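> only geometry, no sequence info:
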């Protein structure tokens, strides 16, 4: 939910209008999204159209939302001794996965099948996220925040919090809870310069998280006069942070990787050296549950490869609920390929 854009900053005199920000902010508030997918892959591509690939890694994503009340306060202020309250929410998932891709040509189509096994590592949510602060006529400030954290995990988290982790126990826990899904794509040449494809990732067997951890996190801050915090450092500030009410239990929480479906095209009007790509699809997080959340995805990209060695690309993507704009360079010497890209996400 990126409020600012480049044109706001590329000016001689920068002005941030907090009232306008408060009025423009959606009712759902300000949302921060995270995606991370480190992976290792091997691919074998043959001229006959046969493709075999192996991919393993970790796929994770999450989001944190701060209520619009914070921005209303920044834009319009508050009265003395008026208590300002804020709400928020958080959730995140992480999976370990191993998949094997097999592709081949069939009756003028190219079919790609990617069965995968995956282990959910964690499903975390923050409930009852509340914050408040109040200022008085003397310049004093009192702030409080609390959140109930619920985590479902593949292993018992108590040793992690107690500082007594047994690696063998963690490895043993990885033997159970694996799920299965299958991805596929079907490509076809529509005419000489245009290729089209449909793709999907269909959940089959859910992974299972066998442990739960519940806790309450609280934080507070109090200062008699705000200026004392800057003049005296920690001496002018009273603060506290605590994690309490920890509960460790066994559980049986089923979790799928997101369902994905869509279509994509590749257009080469000038030959193989210039390709325009487009994708439109949708995904569903936590499919087949009451918490299921659907979202659209799209991708627009242009790739240019000059004399078979030097290339560049530009793309605009909305995927996994994150907007990404990027520019990339490619140097391919047939022995070593180097790709360099600059991306901006918001």
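Done, it's in. What you see is a predicted model; the values in this text were computed from it and never measured.
> stretch 165-180: end-to-end distance?
End-to-end distance for stretch 165-180: 29 Å, by C-alpha to C-alpha, to the nearest Å.
> any residues touching that stretch, and which ones?
Here stretch 165-180 makes contact (C-beta atoms under 8 Å, 6 or more residues apart in numbering) with 96, 115-120, 154-156, 159, 203-210, 255-257. Every C-beta, even on glycine, is put in place using the N, C-alpha and C of the backbone.
> at 6 Å what do you get?
117, 118, 119, 154, 155, 159, 204, 205, 206, 207, 208, 210 (C-beta atoms under 6 Å, 6 or more residues apart in numbering).
> so which of those belong to helices?
residue 159 (DSSP state H).
> and the buried ones among the contacts of stretch 165-180, selectable in PyMOL?
Buried members of those, defined by 16 or more other C-beta atoms under 10 Å, are picked up in PyMOL with:
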select buried, resi 117+118+119+154+155+206+207+208+210
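> and the contacts of stretch 165-180, which two are furthest apart?
The widest separation within the contacts of stretch 165-180, taken as C-beta to C-beta, falls between 159 and 204 and amounts to 32.4 Å.
> show me the contact partners of stretch 139-150.
Under C-beta under 6 Å, 6+ apart, the answer for stretch 139-150 is 125-135, 214-226.
> pull the distance from it to the chain's centre.
Relative to the centre of its chain, stretch 139-150 is centred 26 Å away, using C-alpha atoms, centre = their mean, to the nearest Å.
> now swap in stretch 314-329 and tell me
What separates the centre of stretch 314-329 from the centre of its chain is 13 Å, taken as C-alpha atoms, centre = their mean.
> begin at 714 from here
Got it, first residue is 714 now, which makes that one stretch 1027-1042.
> in that stretch, what's buried?
For stretch 1027-1042, using 16+ other C-beta under 10 Å, the buried residues are 1028, 1030, 1032, 1033, 1034, 1037, 1041.
> contacting residues for the fourth one?
I take that to be residue 1033. So residue 1033 contacts 748, 774 (C-beta under 6 Å, 6+ apart).
> got it, and the fifth one?
Applying C-beta under 6 Å, 6+ apart, one finds that residue 1034 lies in contact with 746, 1008.
> can you pull the phi/psi pair for it?
Main-chain torsions, residue 1034, degrees, to the nearest 10: phi 70, psi 30.
> residue ranges with poor pLDDT in the stretch 914-1059 of the chain?
939-949, 1058-1059 (pLDDT under 70).
> now do the helices in it.
Counting by DSSP state H, counting those that start in this stretch, the stretch 914-1059 of the chain has helices at residues 939-945.
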